[in-house]
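> Structure for this input, please:
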Amino acid sequence: MTRFLASVRDADEAQIVLDAGADIVDLKDPGKGALGAVDLVTIEACVSVVAGRVPVSATVGDLPMDPGLVAGAVRATAACAVDDVKLGVLPGGDPQACFKILQAERCRAGIILVFFADAMPAFDPVAAAVAMGARGVMLDTAGKRTGSLLDHMSIPDIARFVTAGQREGLIVGVAGALRIAHVAPLLALSPDVIGFRGALCHGARRSAGLDSAACRRIRSLIPAEPGRSETEMREPRAAALC
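Got it, this is the predicted structure:
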């Protein structure tokens, strides 16, 4: 079952996507880049609003691949009680050293490595994620004005990425300036997660506020987990965040 991830920038937006039935609330600031980070106070406020109803992920920002910088950001974000921390693997720096130091970290949250279809690394992303003990991998786009994921990667190539990751037991997600027309072809590949920001916003502008009708429209296109009612989506779970 593919889950619907909705990216939000504050607690008010988190409530909007919860009401629309999002399966995962993802925290990022679209005004600060592809994976711009929100501040830690905002992360904590969003975690409080979500109250365990669905998993929460948060990005650490568009960081250079510097081991000390990356480890510190991941540690601080994980301490906010999110379920998963998303790290974008950008060109340059020393990504292998970053993976090595994160492997040694005893991080309470899972780590999702995000790879950009318009800036893919020379190394095997799935093998790198497995070696460092990541929980999952995700495809995205770094340049939000240069097209969607499907403009930079063919459906067969996306399918190979999804299959390779799932074969290794990783959670595999797809995102990157996705629109309504992209939902059906991507769902056919059975990724674990499909993520949206711009398509959920007024005027389909990722920096604009969320449009609740657009959020519900995307939700309607992604089959919800069987037996999961709207009430269950909106009421806090008894258990704490894992």
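
> Figure out the helix or strand that Lys144 lives in.
Assigned by DSSP states H and E, Lys144 falls within no helix or strand.

> Just the buried residues of stretch 14-33, please?
Buried residues in stretch 14-33, counted by 16 or more other CB atoms under 10 Å: 14-18, 20-30, 33. Backbone N, C-alpha and C define where each C-beta goes, glycine included.

> quick one: pLDDT of Glu225?
We have a pLDDT of 79 for Glu225.

> circling back to that earlier point, which of the buried residues of stretch 14-33 fall in helices?
14-18, 20 (DSSP state H).

> Put together a markdown table for those, with pLDDT and distance to Ala79 on each row.
Shown next, in a markdown table, are these (pLDDT from 0 to 100; distance: CB to CB, whole Å):
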| residue | pLDDT | distance to Ala79 |
| --- | --- | --- |
| Ala14 | 98 | 19 |
| Gln15 | 98 | 23 |
| Ile16 | 98 | 26 |
| Val17 | 99 | 23 |
| Leu18 | 98 | 23 |
| Ala20 | 98 | 28 |
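
> Show me the two of those that sit farthest apart.
Spatial extent of these (CB to CB) is set by the pair Ala14 and Ala20 at 10.9 Å.

> Show me the strands in this structure, by range?
For the chain, the strands defined by DSSP state E occupy 3-8, 24-27, 56-59, 84-89, 110-116, 136-140, 171-174, 193-196.

> could I get these as TSV with mean pLDDT and distance to Asp151?
TSV is the format used below for the strands of the chain (pLDDT from 0 to 100; distance: least, CB to CB, whole Å):
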stretch	mean pLDDT	distance to Asp151
strand 3-8	98	19
strand 24-27	98	22
strand 56-59	98	22
strand 84-89	98	19
strand 110-116	98	13
strand 136-140	98	12
strand 171-174	99	13
strand 193-196	98	16
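
> Can you lay out these as TSV showing distance to Pro95?
Converted to TSV, those look like this (distance: least, CB to CB, whole Å):
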stretch	distance to Pro95
strand 3-8	23
strand 24-27	22
strand 56-59	16
strand 84-89	5
strand 110-116	9
strand 136-140	13
strand 171-174	19
strand 193-196	22
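
> and Gly165, which of those strands is closest to it?
When the strands of the chain are compared by CB to CB, strand 171-174 sits nearest Gly165, at 3.8 Å.
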